[in-house]
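# let's see this in three dimensions:
(2 chains)
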Number of protein chains: 2
Amino acid sequence: MQNFSFRNPTEILFGRGMIAAIASRVPTAVPVLLLYGGGSIQRNGVYAQVKAALAAHPAVVEFGGIEPNPLHETCMKAVALAREKRVGFVLAVGGGSVLDAAKYIAAAVCYEGGDAWEILTSGGAVVKRALPLGTVLTLSATGSESNGNSVISRQATQEKLFFGSPLSFPVFSVLDPETTYSLPQKQVRNGVVDAFVHVMEQYMTYPAAAPLQDRLAEGVVQTLLEVGPLTLAAPRDYDARASFMWAATLALNTLIGSGVPQDWTSHMIGHELTAFYGLDHAESLAVVLPGVWTHQIQRKEAKLVQLGQRLWGASTATATIARTEAFFRALGMPTRLAEYDIKAAEAAAKVQKRFSDRGMLLGEHGDLTPAQAAEILMLRA
Amino acid sequence: MQNFSFRNPTEILFGRGMIAAIASRVPTAVPVLLLYGGGSIQRNGVYAQVKAALAAHPAVVEFGGIEPNPLHETCMKAVALAREKRVGFVLAVGGGSVLDAAKYIAAAVCYEGGDAWEILTSGGAVVKRALPLGTVLTLSATGSESNGNSVISRQATQEKLFFGSPLSFPVFSVLDPETTYSLPQKQVRNGVVDAFVHVMEQYMTYPAAAPLQDRLAEGVVQTLLEVGPLTLAAPRDYDARASFMWAATLALNTLIGSGVPQDWTSHMIGHELTAFYGLDHAESLAVVLPGVWTHQIQRKEAKLVQLGQRLWGASTATATIARTEAFFRALGMPTRLAEYDIKAAEAAAKVQKRFSDRGMLLGEHGDLTPAQAAEILMLRA
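Next up is the predicted model:
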């Protein structure tokens, strides 16, 4: 097992009716920025529950309109508002995009350097202070509700970058499965795939004498295999949605990745597909992941076989890859570039150039080259 | 799934050489109370590592001699010393007993009521403030390194009581598997059983539509089944000891019990066996647990069968009970009262009287009577 430090201070408030609990947790001594997305929370009653919980708060400043793959440009408008109103706490209500935007805004408000985009280009290293933030999660997928990570896009440059900071963990996150009942099926499908791939980025590497981490990761994906299709089939099945919600959180709250090597190649390549072609994040992952595993099948063989045996009773690495792709497709998720009318050769060339320009090497060994990233995409035509 | 709130702010510093990391984490602005047990840390080099890490600290006050099943009477001496020296931080170096004592001392120093024992009799409800504390764990078993729980005994009254508080979570805990290399085999055996039973107290109840919690709990006990015998056979196998150490922490860091019913009958009865007869904590659990399961076999049947199927391919509740007792015995752990020369009828009568006096009802349904607790002990002659 590798050495590690693990700390996750986020308070999870899980279950029906838990939005009311924010009343005692959002500080009333400072103005609070209430951040949300495109308005679905107004239609499904979540906005009303949040406003009721904040009824006694003397200063709530609202900022709506955070988009999927949240934009730097939009966040900067929220930063300007937060500074003007002297906001001291950010409350994000929505899915991973709103939560990621909240983390960026909370850090950018306090950033005393030049361009706040440096928070992204430094990977979070320049974050020395951030406003505290809480969240009300309405879409399970990214795990952002219980980690310090954020992914932000910049329209002007077609970039999509990541930052992480211990200062960006939410103070609290409300996870009420009922808030997710009204989600479009596509977003639930995306969430199941996203959570699945998050687990795999921390698992599908090489044996690292960490049998407990393996079991925990397998437990999360096994749960996703079981409740993913169920929650799609019956959106108002509370228990299925609750288990999916908790699984998506534990998929990326830094626990299962503690002490083990991690990959993240699928995410790095996937982010570029989103930046260049506008694929949903999970859509990009479903295309790329089987390619990464196929390309790296020899180096990942032991773990591919272990997963296959434990989840499906399968006995070969190729069977595990096939089962995984079949799982995505059974959820209604495309897994090939052609299904999005994307030419593999073009995508491969674009990604290779960008990774070359940035000098990026990927994977759990840190040696996967831009040319190999292109080869992976060529496998996904 | 049941509603829950989950928060575990403890920073885990895991691995070889991590004791050095406390240098930057123990506050230097206040005197620190360095708490330990019977002196094993002086023999195995841990004391020297801790002192080296604290070399620059201007005020380290030492208190040694915390005993197994730590005594209120001893802790009160440490409280007097801590008050006299105006201690502002407690650093516990040792196993669960030292850590539990540290939590009690940290709360008692700040307690403004009358007798600090009220912290125990209230279950922790009277704890409004506590000194911050950090730990260096040298014996895996209790999970105390990453929860807010403590068990303290009172010599004068032969009582052994529990308290828990969110204020009693360690700020940090160092888990270096190498610090456990020199442990007596008996303590390692005890630790494996203790961790196993901790998981089962949160698992072996009734199905609660929480498949992920089930998988996580099964993952922890599966790991204990695999690495428990291995780490006993090869005490200096770093990876085995590391996995055991991490499993024991996750067995009782409140994660796997979030959202599910919990039992704790074995602990409640076991505490009395320790108080009356001096059994080690784990020894008491190994005696009692199979009795609880046998007595409650109908109400626990679904989960007994599930565990048996997933861990051993066993298909009946009785097989799961037999397999579990066999696992304890294979570790060298007795499982019957007669092996300690304890008369079952006498133990049953004592425990029944004490639970009756306290008006205690036990179990995940809250309806197991003192008479039934006695019946359980009669099954363990």
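
# list the pairing partners of the lengthiest strand in chain A within its sheet, with orientation.
Counting residues, the longest strand in chain A under DSSP state E turns out to be strand A:4-14. Strand pairing for strand A:4-14, determined by DSSP bridges: strand A:172-175 (parallel), strand B:4-14 (antiparallel).

# give me the buried positions along it.
A:4-14 (16 or more other CB atoms under 10 Å in any protein chain shown). (C-beta placed from N, C-alpha, C; glycine too.)

# one more: stretch A:306-314?
A:306-308, A:310-312, A:314.

# what's the answer for stretch A:341-361, then?
For stretch A:341-361, using 16+ other CB under 10 Å, the buried residues are A:342, A:344, A:347-348, A:350-352, A:354-355.

# save these as TSV, and put in secondary structure too.
What follows is these, written out as TSV (DSSP: H, G, I helix; E, B strand; the rest coil):
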residue	secondary structure
A:342	coil
A:344	helix
A:347	helix
A:348	helix
A:350	helix
A:351	helix
A:352	helix
A:354	helix
A:355	helix
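
# what is the nearest of those to chain B?
Proximity of the buried residues of stretch A:341-361 to chain B (CB to the nearest CB) peaks at residue A:355, which lies at 31.9 Å.

# quick check: closest non-adjacent residue to the closest one.
With sequence-adjacent residues excluded and distances taken as CB to CB, 6 or more residues apart in numbering or on different chains, residue A:355 is closest to residue A:370, at 3.7 Å.

# next: residue A:89.
Nearest to residue A:89 is residue A:32, by CB to CB, 6+ apart, at 4.6 Å.

# would you list the phi and psi of the one you found?
phi -110, psi 140 (degrees, to the nearest 10).

# look up how far chain B lies from the residue nearest to residue A:355.
Remark: distance between residue A:370 and chain B (CB to the nearest CB, to the nearest Å) = 33 Å.

# quick one: contacts for that residue?
Residue A:370 sits next to A:351-356, A:360 when contact means CB atoms under 8 Å, 6 or more residues apart in numbering or on different chains.

# spell out which parts of the stretch 1-150 of chain A neighbour chain B.
Those residues of the stretch 1-150 of chain A that sit near chain B, judged by CB under 8 Å from any CB of the partner chain, are A:1-18, A:21.

# repeat that with 6 Å
A:1, A:3-7, A:9, A:11-15 (CB under 6 Å from any CB of the partner chain).

# make CSV from those and add pLDDT to it.
Output for the residues of the stretch 1-150 of chain A next to chain B, formatted as CSV (pLDDT from 0 to 100):
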residue, pLDDT
A:1, 97
A:3, 98
A:4, 98
A:5, 97
A:6, 98
A:7, 98
A:9, 97
A:11, 98
A:12, 98
A:13, 98
A:14, 98
A:15, 98
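
# and residue A:37, what pLDDT?
Residue A:37 is assigned 96 on the pLDDT scale.

# give me the secondary structure label for it.
Strictly by three-state DSSP, residue A:37 counts as coil.

# on that earlier part again, what's the burial count for the residue nearest to residue A:89?
Using other CB atoms under 10 Å in any protein chain shown, residue A:32 has 26 neighbouring residues.

# I'd say it and residue A:93 touch.
No. At 11.3 Å, residue A:32 does not count as touching residue A:93 under the criterion of CB atoms under 6 Å.

# the buried residues of strand A:4-14: which two are farthest apart?
Farthest pair in the buried residues of strand A:4-14 (CB to CB) is A:4 and A:13. Separation: 26.8 Å.

# buried residues in the longest helix anywhere in chain A?
Assignment by DSSP state H gives helix A:211-233 as the longest helix of chain A. Neighbour-count burial for helix A:211-233 flags A:211-229, A:231-232 (criterion: 16+ other CB under 10 Å).

# same check, this time on stretch A:266-278
So for stretch A:266-278, counting by 16+ other CB under 10 Å, buried means A:266-277.

# one more: stretch A:327-334?
Neighbour-count burial for stretch A:327-334 [16+ other CB under 10 Å]: A:327-328, A:331, A:333.

# and those, which is closest to residue B:380?
Once CB to CB is applied, the member of those that ends up nearest residue B:380 is residue A:327, at 46.4 Å.

# from chain B, how far out is the closest one?
17 Å.

# what of residue A:100?
Distance, residue A:100 to chain B, using CB to the nearest CB: 22 Å.

# can you pull the contacts of the residue nearest the centre of chain A?
Against the mean C-alpha coordinate of chain A, by CA atoms, centre = their mean, the closest residue is residue A:142 at 2.5 Å. Taking CB atoms under 6 Å, 6 or more residues apart in numbering or on different chains, we find residue A:142 in contact with residue A:96.

# what pLDDT does it get?
pLDDT at residue A:142 comes out at 93.

# same check, this time on residue A:158
At residue A:158, pLDDT is 87.

# any idea which helix or strand carries the spatially closest residue to it that is not a sequence neighbour?
If the residues on either side of it in the chain are set aside, residue A:158 comes closest to residue A:275, at 5.1 Å by CB to CB, 6+ apart. Taking DSSP states H and E as the definition, residue A:275 sits inside helix A:265-277.

# helix, strand, or coil at residue A:135?
strand.

# show me what it is bridged to.
Beta-bridge partners, per DSSP bridges, of residue A:135: residue A:92, residue A:173.

# check it and give its pLDDT.
Reported pLDDT for residue A:135: 98.

# so it makes contact with residue A:145?
Yes. With contacts counted by CB under 6 Å, residue A:135 reaches residue A:145, the gap being 5.2 Å.

# which residues of the stretch 151-300 of chain A fall in strands?
Taking DSSP state E, counting those that start in this stretch to define them, one finds strands in the stretch 151-300 of chain A at A:159-164, A:172-175.

# just give me the least confident of the buried residues of stretch A:306-314.
residue A:314 (93).

# which SS class is the closest residue to it other than its chain neighbours?
Spatially, and ignoring its direct neighbours in sequence, residue A:314 is nearest to residue A:308 (3.6 Å; CB to CB, 6+ apart). Secondary structure for residue A:308, judged by three-state DSSP, is helix.

# quickly note the distance from residue A:308 to residue A:178.
Using CB to CB, to the nearest Å, one gets 35 Å for the distance from residue A:308 to residue A:178.

# if I look at the nearest residue to residue A:350 once chain neighbours are set aside, how far off is chain B?
Excluding the flanking residues, the one nearest residue A:350 by CB to CB, 6+ apart is residue A:276, at 5.5 Å. For residue A:276, the distance to chain B equals 35 Å [CB to the nearest CB].

# what of residue A:262?
Separation of residue A:262 from chain B (CB to the nearest CB): 16 Å.

# the helices in the stretch 51-200 of chain A, which residues?
Using DSSP state H, counting those that start in this stretch, the helices of the stretch 51-200 of chain A run over A:72-84, A:96-109, A:118-121, A:185-201.
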